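Asker: turn this into a structure:
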Amino acid sequence: MKLQQLRYLCAVANQNLNLSKAAKGLHISQPGISKQIQLLEDELGVEIFIRNGKRITSITPPGQSIVEIARKILREENNLKNVSQEFTNKDIGSLTVATTHTQARYALPQTIREFTNRYPKIKLKIRQGNPIQISKLVTSGQADIAIATEAIEFFNELVMLPCYQWNRCIITPPNHPLLSHEQVSLKSVVKYPIITYDFAFTGRSKINQAFEAENLTPNVVLTALDADVIKTYVELGLGIGIVAQMAFNPNRDKNLRSIEAGHLFEPSTTRIGIRKNSYLRSYIFDFIHMFSPQLSKNTVKKAMNK
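Answerer: As a prediction, this is how the structure comes out:
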């Protein structure tokens, strides 16, 4: 059994059993991956994957356990490397942050600038997706930390650290009737077509809960993966938008108007998710502290050791 075989195995699992994508990511031929996985299966005496011709269609029950163990072994290998590099190359390494568009676009830029200025030799990578996707990137070892509002709490493999609370605003075209209201209510909002986040994104559950609590059914005509798309379609007159308050900038969004909506929806909490039992380099602790100043190195370590 070789570590390389375990890498191939996990790469295939991480790519939803797509051999060609796994091969491309590993810079190896597809037959090469297939051969090594077959050798691993022969050595273990069990089938890890179910095949239909040359295609892998699913993972067997013992295969599921083998993949999880392989991931743990590779994570520990990575931890060993991190320990070594922490003492030999303190300011050299990489950091992969998995996050949503809203966080990457509106919450992270200042932290990214500060971090890259302090650590110019660290290779920083941002991977975007919905909260479930980015949480999986961290649990599988493809990212170091996740930053999101929804879904992180559903992953027991992650330590969750609250960063900050935020709420929403309603965006409209200029001269929209809602702008004349002294205080907007959900009953007035529900009269208009609504454009907001996709169900998996950025506090959408809080929006749904608010309408349900008043027995109202919003007319959601369009959902999108990020606030910029929502704002584009509000500008086109397709409806009013409900977005994170941080996503509206009056200097940039001159063709739109914003209505504060903190009284309509419960606030949401953005969290950082870190894989349990992972070894964090010092610069990762620094990145977390830059993004959320109350999360000191000691605070993060205590949370990870619970």
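Asker: where do the helices sit along the stretch 1-150 of the chain?
Answerer: The residue ranges that make up the helices of the stretch 1-150 of the chain, judged by DSSP state H, counting those that start in this stretch, are 3-14, 19-26, 30-44, 61-88, 101-102, 109-118, 131-139.
Asker: name the helices or strands packed onto the first one?
Answerer: The helices and strands touching helix 3-14, judged by 3 or more CB pairs under 8 Å, 6 or more residues apart in numbering; DSSP states H and E, are helix 19-26, helix 30-44, helix 61-88. (C-beta placed from N, C-alpha, C; glycine too.)
Asker: Ala13: which of these is closest?
Answerer: For the helices and strands packed on helix 3-14, distance to Ala13 was read as CB to CB. The smallest value, 4.9 Å, belongs to helix 61-88.
Asker: now do the buried residues in that closest one.
Answerer: With burial defined by 16 or more other CB atoms under 10 Å, the residues of helix 61-88 counted as buried are 63, 66-67, 70-71, 74-75, 82.
Asker: right, and Lys125 touches Ala98 too?
Answerer: No. At 9.3 Å, Lys125 does not count as touching Ala98 under the criterion of CB atoms under 8 Å.
Asker: which of those two has more neighbours?
Answerer: In this view Lys125 and Ala98 are compared by other CB atoms under 10 Å, and Ala98 has more residues nearby, 26 against 11.
Asker: which pLDDT value belongs to that one?
Answerer: In the prediction, the pLDDT value recorded for Ala98 is 96.
Asker: what does Thr116 give?
Answerer: Per-residue confidence at Thr116 stands at 96 (pLDDT).
Asker: what does the one 3 residues further on give?
Answerer: Predicted confidence (pLDDT) for Tyr119: 94.
Asker: out of the buried residues of helix 61-88, who's nearest Arg7?
Answerer: When those are ranked by distance to Arg7 (CB to CB), Leu74 comes first, at 6.5 Å.
Asker: just to revisit the earlier point, now the helices of the stretch 1-150 of the chain in CSV, with distance to Gly241?
Answerer: Rendered in CSV, the data for the helices of the stretch 1-150 of the chain read as follows (distance: least, CB to CB, whole Å):
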stretch, distance to Gly241
helix 3-14, 34
helix 19-26, 35
helix 30-44, 44
helix 61-88, 40
helix 101-102, 13
helix 109-118, 22
helix 131-139, 20
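Asker: lowest average pLDDT across these?
Answerer: Ranked by mean pLDDT, the helices of the stretch 1-150 of the chain end with helix 61-88 in last place, scoring a mean of 79.
Asker: off-centre distance for it?
Answerer: Here helix 61-88 is found 21 Å from its chain centre; the criterion is CA atoms, centre = their mean, to the nearest Å.
Asker: list the helices and strands that helix packs on?
Answerer: For helix 61-88, the contact count by 3+ CB pairs under 8 Å, 6+ apart identifies helix 3-14 as packing neighbours.
Asker: return the set of buried residues in the helix it packs on.
Answerer: Judged by neighbour count (16+ other CB under 10 Å), helix 3-14 contains these buried residues: 5-14.
Asker: over to stretch 222-241?
Answerer: For stretch 222-241, burial by neighbour count (16+ other CB under 10 Å) applies to 222-227, 229-231, 233-234, 238-241.
Asker: farthest-separated two in these?
Answerer: Once CB to CB is applied, these give Leu225 and Ile240 as the farthest pair, at 18.4 Å.
Asker: who touches stretch 102-116?
Answerer: Stretch 102-116 is contacted by residues 95, 97, 99, 122, 124, 126, 128, 147-148, 201-202, 226-228, 244, 246-247, 270, 283, 286-287, 290-291 when judged by CB atoms under 8 Å, 6 or more residues apart in numbering.
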